[in-house]
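Asks: With the sequence up front, the predicted model follows.
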Amino acid sequence: MVSILGILIGLAVFIWLAYKGYNTIFASIIGAAIVAIFGGMNPFDALTSAFMPKVSGFLSGYFQIFLFSALFAKVMGDSAAAASIAVKVARIARKAKNPLTAKFMAVMSIPFIQLILTYGGVNVFVAVFIVVALARALFKEMDVPWWLYSCSSLGSSTVTIGMLPGSPQMQNLIPMTYFGTDTMAAPALGIISAIITFALGAGYIFFQVNRTNKRGEGFLPTGTEISKEKLVEPTVENEKPLWACLLPMIVVIVVLNVLKKSAPIALCSGILVGYVLFSIIEKKPMDIKAMFAGAIPMAIMPLITVCCASGFGGVVGAVPGFTNIVNGLYSIGVNAFTIVLITNICSGICGSASSGENIALQNFSEMFISTGIPGPQLHRLVAMSSIGLDTLPHCAGIITMLSTTKLTHKQAYINSFILSVVLPIVMACFAAVLISLGFYY
């Protein structure tokens, strides 16, 4: 019982420190130390024997994906291809004549842009850096409250990482090892869930835009801090044709899902096509040295943050309280809803969908398989379940988004909570219902 209490206190401290703006790596280590002490372990020994093995394991397993995703993002960013996509989508919002419709479309354009980028292979941690400048310009022009930027969670933290089949994001790749599936697992289930999620999310965003419009809220005061930032806003002068912008992304999807190559190979293919298209054919040579110099920090910092979240989960898994929790979970029965519960708990502990999913499958994959649910449906259900409690306040993605946009949890977290915590959990339960009724598509 003391160990379980330690897990709860350690997680609470982890979340509180993250909420207060402390570095996630530091917060995860402090939280892990508390869990270890309550679990009867020497905290320093726990960091060595339980924390670091999970960190190094995740690092070695997913370093290539983070690296090549960051390089792909740099090619798309430095060539202005990503900015061109953002400009084209934002132009639709600017054409709306009704002020309320224009504001709604301005807010919706951000998750839509992030959906395109992340499904095309850009890491979710990197997507925010690509769109924030355009979002600032668009929100300021239409006097949209800046705190509504966090509605972007609908595009970056839901459908593309856990629901849509064929996604190159890690949450859709991790289950393949355990269930012998591919990235297109349970396509009908994933697509139906994604459509409903985006529709419900759009309804919530319209509600918030309408509410703020009635109250007379504008870009300020929540946009005060982001207004001080020196951001390079995309312009029409460097805009590229849509086919050229999308081609590298299409290549990533085709190589991954049609040719059945690994995610690093698919991303490298997109990088090569993008470089040839934007640097050689257009005769606008990219600075390869600068591209690598910029990509490495984009890859390493998010990766280390996620690794440390996995390390926190490793310490939790090493204390006696976790065994008691596991036994309790086994006692409630094994079914689709148990899978939703277990995976969400693991993601909540880690504050990371990928780390939580990894820990859930390491500890419970045999239990999941024993349900008799076909591998493709297990794959999709686990992926969807990993994107619920992962976005609690200590989530690295949430912290990255807030720090980049100069917003606080108090100002903007409510949108992320509704769109990337509540909505995904509801949809995972919906998927569990369909699977329980024999929907194996």
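Replies: Received it, and whenever you're ready, just let me know what you need.

Asks: where do the helices sit along the stretch 1-150 of the chain?
Replies: For the stretch 1-150 of the chain, the helices defined by DSSP state H, counting those that start in this stretch cover 2-19, 24-38, 43-46, 52-78, 81-95, 99-119, 124-142.

Asks: and what of the stretch 251-400 of the chain?
Replies: 263-275, 288-318, 320-331, 336-350, 353-369, 375-385, 396-405.

Asks: If you average pLDDT over each of these, which is lowest?
Replies: Lowest mean pLDDT within these: helix 320-331, at a mean of 80.

Asks: And that one, what does it pack against?
Replies: helix 2-19, helix 336-350, helix 353-369 (3 or more C-beta pairs under 8 Å, 6 or more residues apart in numbering; DSSP states H and E). Every residue, glycine included, has its C-beta placed from N, CA and C.

Asks: Figure out which of those is closest to Ala428.
Replies: helix 336-350 (4.7 Å; C-beta to C-beta).

Asks: quick revisit: could you say which of the helices of the stretch 251-400 of the chain is packed most deeply?
Replies: Ranked by average neighbour count under the criterion mean count of other C-beta atoms under 10 Å, the helices of the stretch 251-400 of the chain are headed by helix 375-385 at a mean of 27.

Asks: For Val433, which of the helices and strands packed on helix 320-331 is the nearest?
Replies: helix 336-350 (7.8 Å).

Asks: which residues touch Ser310?
Replies: Lys54, Val55, Gly57, Phe58, Cys350, Ser352, Ser355, Asn358, Ile359 (C-beta atoms under 8 Å, 6 or more residues apart in numbering).

Asks: secondary structure element for Ile205?
Replies: helix 187-214 (DSSP states H and E).

Asks: on that earlier part again, relative to Gly203, which of the helices of the stretch 1-150 of the chain is closest?
Replies: helix 99-119 (10.6 Å).

Asks: and that closest one, what's its mean pLDDT?
Replies: 91.

Asks: For it, C-alpha coordinates in PDB please.
Replies: Taking Å, rounded to 0.1, in the frame of the first residue of the first chain, the C-alpha atoms of helix 99-119 are listed here in PDB:
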ATOM      1  CA  PRO A  99     -16.500  37.200 -39.000                       C
ATOM      2  CA  LEU A 100     -17.500  34.300 -36.800                       C
ATOM      3  CA  THR A 101     -16.900  31.800 -39.600                       C
ATOM      4  CA  ALA A 102     -13.600  33.400 -40.400                       C
ATOM      5  CA  LYS A 103     -12.400  33.100 -36.800                       C
ATOM      6  CA  PHE A 104     -13.600  29.500 -36.600                       C
ATOM      7  CA  MET A 105     -11.800  28.600 -39.800                       C
ATOM      8  CA  ALA A 106      -8.700  30.300 -38.600                       C
ATOM      9  CA  VAL A 107      -8.600  28.200 -35.500                       C
ATOM     10  CA  MET A 108      -9.500  25.000 -37.400                       C
ATOM     11  CA  SER A 109      -6.800  25.600 -40.000                       C
ATOM     12  CA  ILE A 110      -4.100  25.000 -37.400                       C
ATOM     13  CA  PRO A 111      -5.100  21.400 -36.400                       C
ATOM     14  CA  PHE A 112      -5.800  20.700 -40.100                       C
ATOM     15  CA  ILE A 113      -2.300  21.800 -41.100                       C
ATOM     16  CA  GLN A 114      -0.800  19.800 -38.300                       C
ATOM     17  CA  LEU A 115      -2.800  16.800 -39.400                       C
ATOM     18  CA  ILE A 116      -1.400  17.000 -42.900                       C
ATOM     19  CA  LEU A 117       2.200  17.500 -41.600                       C
ATOM     20  CA  THR A 118       2.100  14.700 -39.000                       C
ATOM     21  CA  TYR A 119       0.400  12.200 -41.300                       C
END
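
Asks: what's that helix packed up against?
Replies: Right, helix 99-119 is packed against helix 81-95, helix 124-142, helix 153-156, helix 187-214, helix 242-257 by 3+ C-beta pairs under 8 Å, 6+ apart.

Asks: Report the buried residues of the strand or helix carrying Val426.
Replies: Per DSSP H and E: Val426 is located in helix 423-436. If you call a residue buried by 16 or more other C-beta atoms under 10 Å, then helix 423-436 has these buried ones: Leu423, Pro424, Ile425, Met427, Ala428, Cys429, Phe430, Ala431, Ala432, Leu434, Ile435.

Asks: Output the contacting helices and strands for it.
Replies: helix 187-214, helix 336-350, helix 375-385.

Asks: a markdown table please, covering those helices and showing distance to Val75.
Replies: Formatted as a markdown table, the helices and strands packed on helix 423-436 follow (distance: least, C-beta to C-beta, whole Å):
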| stretch | distance to Val75 |
| --- | --- |
| helix 187-214 | 27 |
| helix 336-350 | 30 |
| helix 375-385 | 27 |
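
Asks: Name the next helix or strand downstream of the helix holding Ile205, please.
Replies: helix 224-227.

Asks: Same question for that next one: list its buried residues.
Replies: Ile226.

Asks: which residues are in contact with that helix?
Replies: By C-beta under 8 Å, 6+ apart, the list of residues contacting helix 224-227 reads Val132, Arg136, Lys140, Trp146, Leu220, Thr405, Lys406, Leu407.

Asks: now stretch 430-441
Replies: By C-beta under 8 Å, 6+ apart, stretch 430-441 touches 186-189, 192-193, 196, 335-337, 339-340, 373-374, 376-377, 380-381, 384.

Asks: Also stretch 273-292?
Replies: Under C-beta under 8 Å, 6+ apart, the answer for stretch 273-292 is 71-72, 74-76, 78-79, 81, 240, 244, 247-248, 251.

Asks: rerun at 6 Å
Replies: The contact list for stretch 273-292 (C-beta atoms under 6 Å, 6 or more residues apart in numbering) reads Lys74, Val75, Asp78, Ser79, Pro248, Val251.

Asks: Most neighbours of all these, which one?
Replies: Of those, Pro248 is surrounded by the most neighbours, 27 neighbours in total, counting by other C-beta atoms under 10 Å.
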